[in-house]
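1. Next input, structure requested:
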Amino acid sequence: MLYRRAAGDCSWSEALGRTYSVLNNCPGSSVESERSFAADVVLHLVYLAGLFTFAVVLGIITDDIGTHVDKVRRGNHPVIEQNHTVVLNWNQQTLPVLQQIAKARHESGGTMFNVPIVVLADKDKDEMDDQVVEELEGTNLRVMTRSGNPAKPSEQKRASVATADTVVLMWPSDLSPADASAQQAAVLAALKTAGGVAGQKIVVQSAGQEVGEYDAVQMAVDLARSSTGSHDVASLATAGNERINQIIAQVANQPGLEDVFADLLEYEERDVTERGAEFYLSTVPEHLEGRPFREVRRSFPDSVVVGWISPDNDKLHLNSRDTTLVPGNAQLVFVAGGSTEQQALPEPYEVNNVRLGGRRGKHLPPRNITMLCFSAEAAASALKSLVEFTTRGSTITIICESPDTEALTALKRRGLKLNVVNGNPSSRTILESKASRLQQANTVVLCGLEHREQAAADMQVVASVLQLQKLASEHKKRKQPLAVVATLNSPATEDVLWHTTLSFYAEQRAAAAAEAEAAALRKQGSGRKVVQSPEEAAAAAAAGVQPAVSLHLLRPDELMSGMLTQVGPG
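-> Numbers count the residues shown, from 1 in each chain. Model (predicted):
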């Protein structure tokens, strides 16, 4: 109407058509060459109104589409996948497992874990998504999360468990041992009910002997294995402290083994052309069932068979006698550069007998080991593993507040000397006392921090290392650096420790060089004969300084998650 009045001599139909074409920016429409200035202004206003309306409608549609896409992405609807990997339950090793899977995928050039990973846990989905995005930033691993109770068959469908190639059942650490055992048993029973694809692999994370009195999980594992060939079940004790304590004990007796364990158990960020060395599990081939271990290990030219897992009780047999017969359905344990290097020969290859020199069964030299245990409850399990791997003639001193001396003493075996000291392992007075035996110690083990918050545990390790570094530097008769074995949760803390110890060592060298140079200058100034110049004396003094401590640091979650990842399929 405004355009008709502004144009003057214009019919209603002409005015309506003109404004409609300008409003919707129809092809051929133009706001130029109008009959009057007023009509020109009206058409420009109509054009702007149309542009604004289009922008508003486009914004509404875009926002609506984005909302629906976000709902689909964050939704809890069932995934539609096949031959994928499903992780059930959530604990502190879930994210490290995903990181190890991402590294394995990168190391294999995308041939391993080339399908999405689905995580199903009784946890808020948004919270899981945020943590996964933060931890896996920079990787190309696709992870989908679903919230639900893994023990319910109806909620297992959200992760398409029945069509998965591998199911990793994590230990529910937020539950009591009895409830966690019952939950895992219920999950395994539900998996058996669901059936699953032929050869579906189920990897069960357990807490080992720490929860051995609750046998529901073992019964459920046996039930799943009784299926008619549908499930291949492996159980690994990586959730509790048993396995990591065994690793710590071996590193305490042979410092440097932590690098070997890291290389074997963890996937590293290698280039695709580099070869790694990881553990793999594979069922013994039919033609090798019941044959001696000697023949079995000689049937794999591209990998090393280091042992096997019994199908009856999941017992691990490492470096078995050559005459031991490997039973059918046993899981062979390999060290190989990839999952494709486990092809067995039709017949074992022949090798010449090698006669080793030296006394058979030669032991490691005895060691003096001091344990700084920050939890009386954890002292027994840590000491048990250390006693198991420590050679005869060694002395173990454990410092702990309010220790159960009787229980700890009962763990001592023949050939070892055990000293139990009641005191705070952070106390300088205790550490300087003769009872701590720090001056005689080859190794100090920090333990009992697993029940603290991760940041607090790492801070305690840093504080203890600083204490030990200072004390060891004051022991003038020490011939070797004091080996400090500890576990850490954060790589940033590891960087701090390495920087701290290297800086302290550099300061010691500089102080020794300055003192030697000053002494040489005084001698030179007095007119006495000088064998070395001040510069040479300073260099010699600096070279004679040894580090106060050597660090042997372990990352338990990465090591244990690496073991779980390697048990899974490639």
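
2. shaky segments in this protein?
-> Within the chain, the stretches falling below the threshold (pLDDT under 70) are 1-44, 46-47, 69-75, 196-198, 209-231, 269-277, 338-342, 352-363, 530, 568-570.

3. Tell me which residues touch the residue minimising distance to the centre of it, please.
-> Here the mean C-alpha position of the chain is nearest to the C-alpha of residue 558 (C-alpha atoms, centre = their mean), at a distance of 2.1 Å. Taking C-beta atoms under 8 Å, 6 or more residues apart in numbering as the criterion, residue 558 is in contact with 96, 99-100, 262, 266. In short, each C-beta sits where N, CA and C put it, glycine included.

4. Just those: which are in helices?
-> Counted as lying in helices by DSSP state H, out of the contacts of residue 558, are 96, 99-100, 262.

5. how about TSV for those, with distance to residue 538 and neighbour count added?
-> Rendered in TSV, the data for the ones in helices among the contacts of residue 558 read as follows (distance: C-beta to C-beta, whole Å; neighbours: other C-beta atoms under 10 Å):
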residue	distance to residue 538	neighbour count
96	47	22
99	46	21
100	48	27
262	38	16
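
6. what about residue 442, neighbour count?
-> 20 (other C-beta atoms under 10 Å).

7. Look up phi and psi at residue 467.
-> phi -60, psi -50 (degrees, to the nearest 10).

8. can you map out the helices along the stretch 101-250 of the chain?
-> Chain-ordered helices for the stretch 101-250 of the chain, with DSSP state H, counting those that start in this stretch as the definition, fall at 125-135, 153-156, 177-194, 216-225, 242-253.

9. Please work out which of those helices is packed deepest.
-> Among the helices of the stretch 101-250 of the chain, ranked by average contacts under mean count of other C-beta atoms under 10 Å, first place goes to helix 242-253 (a mean of 22).

10. Tell me which other helices or strands that one touches.
-> Judged by 3 or more C-beta pairs under 8 Å, 6 or more residues apart in numbering; DSSP states H and E, the packing partners of helix 242-253 are helix 257-265, helix 376-389, strand 443-447, strand 482-487, strand 549-554, helix 556-567.

11. what residues are up against the closest residue to residue 91 other than its chain neighbours?
-> The shortest distance from residue 91 to any non-neighbouring residue, by C-beta to C-beta, 6 or more residues apart in numbering, is to residue 173 (4.2 Å). By C-beta under 8 Å, 6+ apart, the contact list for residue 173 reads 91-92, 180, 239.

12. same check, this time on residue 366
-> Listed by C-beta under 8 Å, 6+ apart, the contact set of residue 366 reads 391-395.

13. Could you export the helices of the stretch 101-250 of the chain as CSV, including distance to residue 319?
-> Listed next are the helices of the stretch 101-250 of the chain as CSV, based on distance: least, C-beta to C-beta, whole Å:
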stretch, distance to residue 319
helix 125-135, 36
helix 153-156, 39
helix 177-194, 30
helix 216-225, 25
helix 242-253, 14
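
14. To residue 109, which of those lies closest?
-> Proximity to residue 109, assessed across the helices of the stretch 101-250 of the chain by C-beta to C-beta, is greatest for helix 125-135 (22.1 Å).

15. how about that closest one as PDB, C-alpha atoms only?
-> Presented in PDB, the C-alpha positions along helix 125-135 are these (Å, rounded to 0.1, in the frame of the first residue of the first chain):
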ATOM      1  CA  LYS A 125      28.200 -39.100  29.300                       C
ATOM      2  CA  ASP A 126      29.200 -35.400  29.000                       C
ATOM      3  CA  GLU A 127      31.800 -35.900  31.700                       C
ATOM      4  CA  MET A 128      33.300 -38.900  29.800                       C
ATOM      5  CA  ASP A 129      33.200 -37.000  26.500                       C
ATOM      6  CA  ASP A 130      35.100 -34.000  28.000                       C
ATOM      7  CA  GLN A 131      37.800 -36.200  29.500                       C
ATOM      8  CA  VAL A 132      38.200 -38.200  26.300                       C
ATOM      9  CA  VAL A 133      38.500 -35.100  24.100                       C
ATOM     10  CA  GLU A 134      41.100 -33.600  26.500                       C
ATOM     11  CA  GLU A 135      43.200 -36.800  26.800                       C
END
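
16. That's all I had, so thanks and see you.
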